[in-house]
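J.: the following block contains a protein sequence and its predicted model.
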Amino acid sequence: MNKELKILAIIIVLVGITYWGIEPYAHSKMHPHHEPATFKYEDLKAPNLKGDPKKGAQAIMNNGCTGCHSIKAAGIPAPMDPVSASASYGVNPPDLSNIAAVTDEKFLAAFIKHPVHAFKLDHKYKNKAFPMPDFFGSDQDLADIVAYLKSIAKPQTPKGAFEVACGRCHNLKYDGWTVIGEKPKFKNDVEKADFELKLAKYEANLKKYLGTTPPDLSMYIRSRGHEYIRDFVEDPQKILHGTAMPRVGLTEEATMKVIEHLEKVGDRKKEKRNKLGIWVLGYFVIFAILAYLWKQKIWRELH
Amino acid sequence: MAHFTKANSVYEWLDQRLALDKLWKVLAAEYWIPKNINFLWAMGVVLMTMFTILLISGIFLLMYYKPDTKLAFDSVNYTIMQEVWFGWLWRHMHAVAASVVFLVIYIHMFTGIYYASYKRGREMIWISGMLLFVTFSAEAFSGYMLPWGQMSYWAAQVITNLFGGIPFIGDDLVVWIRGNFYVSDPTLTRFFMLHVLLMPLIIMAIIGLHFYTLRIPHVNNQDGEEIDFDAEAEKYKAGLKKESKVIPFWPVFLSKDFFVLGVFMIFYFYLVFYHYDFAMDPINFDPANPMKTPPHIYPEWYFLWSYEVLRGFFFNVGPLSAMDMGLIAFGIANVIFFFLPWFDKNDEVAPASRRGGFKVWFWLLVIDMIVLTIWGKLPPTGFNAYIGYVAAVGFLALWAALPAVTARKTGLLWFVILVTLALYVAGYMEYTKALGNGFLIVSLFVIFYLLFFLNPVMVRNRGGAR
């Protein structure tokens, strides 16, 4: 018996060393370490003024924001459908109703003031114009607009947070989500073909705008994992230098909601797995104990 | 013509026609195994169980999998993982079993090497076992392609490309294997066929052969003792169970196997439910994209050691290109274990712990293969490349030295060691860029490969070193 335990110990040590080498150690060498996300957006300056939502509603109109953006919460419709908008701007400009529910307040102000800089896409827009112009109004106007956006924003579900934050560039096909919205139930082939044509046109415009087609995120919870997604969302350039993905300035809370949604879509059976696992392991623990007792009974006669 | 009488029970009726009693005796109740064994002797039953799990889970997966580059990824990751009732369980069981089966194969193999269970009549056991290793490898490689993820695609691209290194027919062979100029839909369909039909058929036939090869020489034991199985079996049947050196397969041997199997299944299902990601590399959850090369391409863990033998030769030596030397070494690494019974020049059957030089050789081989495995995954840059070179040359050197070690030809052993060390020095000088492609290093490689191929033929000392 002692000898068998010794053999087992040797095997465990050798397998353990090999495992450590090819999994944690090798992966730490293949993926360079980066600092975890803080969601502080320290490089951006806040206006430090108290905004008035009522004045903000007016300022949004005065500054022409609704020329491109819809605010459905205030009954302001989109000037163009998503496909035409993507043809003009590359991507469909977001509806502003809930934008402040997912973005950091300081980020939002800095973004309106100078979008390319807040997006960290200066390297891409050195010689060409970004679709959204810089804001030339006063800092007080800016603070009012942010206060207004905050006042109309409603708390988001995980799914809602994903759609507001990621859904205009990324498909999530395992959830029926496309970059032009939820995939509807089609009554006939004509409707289906019509929708697919729109989607293809939008995706083609998006590809022209970004230089690449943004990936479908259905399996990202498995291919990238929580930590990577969290840190990447906070600052894409830090992890994938030169990527076309902008920094979108999500709050920590909104990021966690997005991750929660991705987990629900990409790893739907997690809870079932964890529950069933205990029963199966329990079964084999009992099996091993009974087998051991049986073995002892039979082998007692042999020695 | 056998004599048939009226049967009193269904069993008796069947027994008259199928000789069930006799069959059971031959296969189990009077199939004799040495008593002097430890839990390593249970690996065969563990492997058989793993293979059964792979077969059954594979059949369930087969009902929903679609071998088409447009459908494969979603049929696995959505249909099977999310829609099919317990599809996720079958998939996790299949993927984890496919990975741990190799862990058990390696333990099984190295048990055989440690206890010298490959000679004096047991050569066919060893060869059929190695055939299983090779066919399992082909099965694993073809299966890894099926989910059509990034690494499915790129590993297939790299590995099929290796056949291009074969002289004269290489380029045509690659196209023939792929069914196209690059890895694409026809490649997926044919590897699907290999994975679900041809390879399993061959594997099942070889498993039968492997069991059959055990019948005449019998299973080895912890001391390599030669046992008179007939005489010992008579003792056991006469009730002298304590004195007899053998035990029947059923129930004595299997009672111990079931316990080992139970413990192993706890480990296996822990992985299935809570740590499947070790077997399912995250990068393969990105759909295959021929336009986007992943930054690191590597095979599954069980191929890493031979992959590193290939990668270890990373600099050109005169007329010998790094790729050619690597391919030759890789080719050797993949077949050399078959020849173990003939590289070991000593007929003595004993555990490595009692075989002096062989003991050192065995543990050096284990360490070298662990180093190769780990460095096969690390990026081959800077100092890592040099460690890969040392371990790859070391692997070949160990085999070149084996005949000298087992025949106790000390002079020859020193010669192998000296040539190997010279190659290390040359490698180091190449690493520091001091030496170009000199005449000396070319001759060293020539001598090294000659040693490798001629040593087992020239050294004749079978059985004389006891």
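T.: Cool, the structure landed.
J.: may I see the buried residues of the worst-scoring helix or strand of chain B on mean pLDDT?
T.: Of all helical and strand segments in chain B, the minimum by mean pLDDT, DSSP states H and E falls on helix B:439-458, at a mean of 88. Counting neighbours by 16 or more other Cβ atoms under 10 Å in any protein chain shown, one finds that the buried residues in helix B:439-458 are B:441, B:444, B:445, B:447, B:448, B:449, B:451, B:452, B:455, B:456. In short, each C-beta sits where N, CA and C put it, glycine included.
J.: so the fourth one sits against residue B:419, correct?
T.: Yes: the pair residue B:447 and residue B:419 qualifies as a contact (Cβ atoms under 8 Å) at a distance of 5.5 Å.
J.: can you give me the strands for the stretch 151-300 of chain A?
T.: Using DSSP state E, counting those that start in this stretch, the strands found in the stretch 151-300 of chain A span residues A:177-178, A:181-182.
J.: out of those strands, which is the most enclosed?
T.: Ranked by mean neighbour count, the strands of the stretch 151-300 of chain A are led by strand A:177-178 with a mean of 22 (mean count of other Cβ atoms under 10 Å in any protein chain shown).
J.: so for that one, what's the average pLDDT?
T.: Regarding strand A:177-178, the rounded mean pLDDT is 98.
J.: and what of stretch A:284-303?
T.: Looking at stretch A:284-303 alone, the average pLDDT works out to 96.
J.: again with stretch B:67-76
T.: Here stretch B:67-76 scores 98 as its mean pLDDT.
J.: and that stretch, end to end?
T.: Start to finish, the residues bounding stretch B:67-76 are 10 Å apart (Cα to Cα, to the nearest Å).
J.: chain center to it: distance?
T.: Here stretch B:67-76 is found 29 Å from its chain centre; the criterion is Cα atoms, centre = their mean, to the nearest Å.
J.: please enumerate residues in contact with that stretch?
T.: Around stretch B:67-76, the neighbours that count as contacts under Cβ atoms under 8 Å, 6 or more residues apart in numbering or on different chains are A:173, B:64-66, B:91, B:146-149, B:184-185, B:188-189, B:192, B:287-288.
J.: name the residues of that stretch that come out as buried.
T.: Judged by neighbour count using 16+ other Cβ under 10 Å, the buried positions of stretch B:67-76 are B:67, B:69, B:72, B:73, B:74, B:75, B:76.
J.: how close does residue B:13 sit to residue B:6?
T.: Relative to residue B:6, residue B:13 is positioned 9 Å away (criterion: Cβ to Cβ, to the nearest Å).
J.: ok, those two, which is more surrounded?
T.: Set side by side, residue B:13 and residue B:6 give different neighbour counts by other Cβ atoms under 10 Å in any protein chain shown, the larger being at residue B:13 (13 against 7).
J.: follow-up on the earlier one: the strands of the stretch 151-300 of chain A: which one's closest to chain B?
T.: Taking Cβ to the nearest Cβ as the criterion, strand A:177-178 is the member of those that comes nearest to chain B, at 13.6 Å.
J.: helix or strand: which one has the residue nearest the centre of chain B?
T.: Within chain B, the residue whose C-alpha comes closest to the C-alpha centroid is residue B:133; the distance, by Cα atoms, centre = their mean, is 3.7 Å. If you go by DSSP states H and E, residue B:133 is part of helix B:123-145.
J.: just the mean pLDDT for the helix or strand just after that helix, thanks.
T.: Under the assignment DSSP H and E, the closest C-terminal helix or strand after helix B:123-145 is helix B:150-162. Helix B:150-162 carries an average pLDDT of 95.
J.: in helix B:150-162, what counts as buried?
T.: By neighbour count, and taking 16+ other Cβ under 10 Å as the criterion, the buried residues in helix B:150-162 are B:150, B:151, B:152, B:153, B:154, B:155, B:156, B:157, B:159, B:160, B:162.
J.: could you check the pLDDT of the residue nearest to the centre of chain B?
T.: 98.
J.: so it is in contact with residue B:338, correct?
T.: No: in this structure, residue B:133 sits apart from residue B:338 without contact. The criterion is Cβ under 8 Å, and the distance is 9.3 Å.
J.: what's near enough to touch the closest residue to residue B:339 other than its chain neighbours?
T.: When the adjacent residues along the chain are set aside, residue B:339 lies closest to residue B:456, with 6.8 Å between them (Cβ to Cβ, 6 or more residues apart in numbering or on different chains). For residue B:456, the contacting residues are B:339, B:342, B:343, B:345, B:402, B:403, by Cβ under 8 Å, 6+ apart.
J.: before we move on, which element is the closest residue to chain A within the stretch 51-200 of chain B in?
T.: Of all residues in the stretch 51-200 of chain B, residue B:88 sits closest to chain A, at 4.5 Å by Cβ to the nearest Cβ. For residue B:88, the element it lies in under DSSP H and E is helix B:87-114.
J.: now do that helix: which elements does it pack against?
T.: For helix B:87-114, the elements it packs on are helix A:270-300, helix B:43-62, helix B:123-145, helix B:254-274, helix B:357-377, judged by 3 or more Cβ pairs under 8 Å, 6 or more residues apart in numbering or on different chains; DSSP states H and E.
J.: which one, of the ones you listed, ends up nearest to residue A:36?
T.: Each of the helices and strands packed on helix B:87-114 has some distance to residue A:36 by Cβ to Cβ; the shortest is helix A:270-300, at 22.8 Å.
J.: so does the closest one get close to chain B?
T.: Yes: applying Cβ under 8 Å from any Cβ of the partner chain, one finds that helix A:270-300 is in contact with chain B at A:272-274, A:276-277, A:280-281, A:284-285, A:287-289, A:291-292, A:294-295, A:298-299.
J.: still on that earlier bit, name the nearest residue to the residue nearest to the centre of chain B, ignoring sequence neighbours.
T.: Closest residue in space to residue B:133, ignoring its immediate chain neighbours: residue B:105 at 6.1 Å, by Cβ to Cβ, 6+ apart.
J.: kindly report the same for residue A:156.
T.: Spatial nearest neighbour of residue A:156, excluding adjacent residues (Cβ to Cβ, 6+ apart): residue A:101 at 5.0 Å.
J.: who's in contact with the strand or helix carrying the one you found?
T.: Taking DSSP H and E as the definition, residue A:101 sits inside helix A:99-102. Identification of contacts with helix A:99-102 by Cβ under 8 Å, 6+ apart yields A:108, A:146, A:149-150, A:152-156, A:160-161, A:164-165, A:250-251, A:254, A:257.
J.: quick one: end-to-end length of stretch B:81-95, please.
T.: With Cα to Cα applied, stretch B:81-95 spans 12 Å between its terminal residues.
J.: buried set for that stretch?
T.: Under 16+ other Cβ under 10 Å, the buried positions of stretch B:81-95 are B:81, B:82, B:84, B:87, B:88, B:89, B:90, B:91, B:92, B:93, B:94, B:95.
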